[in-house]
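S.K.: Generate coordinates for the sequence data below:
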Amino acid sequence: MSDIVGGYLKKHSEALVKDIGVEAAARLSGKSKATLGRYYSDADEHSDRFMPVDVVASLEAAASYPHVTAALAELRGSGITLERSGRNSGGVNADVIALSRRFAALMAEYSQSIEDGVISVNETKRLLKETTRLQKVLVDMKLHLEQGLS
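M.R.: Next up, the predicted model:
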């Protein structure tokens, strides 16, 4: 596995654990906080350690988004369709409003990040967080549009 792919999966594993919270993730997975940390550590001694699929499944069941599954799909050039009941029941019109708000938040974050001409690591993390939020809105919108076809 290339370093780029491994790093990508580790970043999404970290996002999954932090989505739930480290304490809750440890309880749900039956793994220690240290073990969970090793799964997403970018240290050389942990470069070959990845989260087992059963741990991914148990954590994603409690998470707001299937971070690792989505990352695996993206690496294959695919996507996933999420079915969420009761999340955004406002339909496409509500989705368009949410989309414009999330995009505005992303652009505001980008504008603030680029002011000094350099995007720092923390700024990159905030941009990634906003991008993920925007992606979730797009998934909701896609689901509502698909419902209109049936």
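S.K.: When you work out contacts or count neighbours from here on, use the C-alpha atoms and nothing else.
M.R.: Will do.
S.K.: Please give me every residue in contact with the residue most central in space within the chain.
M.R.: Central residue of the chain (CA atoms, centre = their mean): residue 67, 4.2 Å from the mean position. Each residue near residue 67 by CA atoms under 8 Å, 6 or more residues apart in numbering is listed here: 12, 13, 15, 16, 60.
S.K.: what about 7 Å?
M.R.: By CA atoms under 7 Å, 6 or more residues apart in numbering, residue 67 lies in contact with 12, 13, 15, 16.
S.K.: Between these, which sits nearest residue 44?
M.R.: Within these, proximity to residue 44 (CA to CA) peaks at residue 13, which comes in at 16.6 Å.
S.K.: show me the contacts for the closest one.
M.R.: Counted by CA under 7 Å, 6+ apart, residue 13 has contacts 40, 67, 68.
S.K.: Turn the contacts of residue 67 into CSV, including pLDDT, distance to residue 144 and secondary structure.
M.R.: Output for the contacts of residue 67, formatted as CSV (pLDDT from 0 to 100; distance: CA to CA, whole Å; DSSP: H, G, I helix; E, B strand; the rest coil):
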residue, pLDDT, distance to residue 144, secondary structure
12, 93, 26, helix
13, 95, 28, helix
15, 92, 26, helix
16, 94, 25, helix
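S.K.: Thank you, goodbye.
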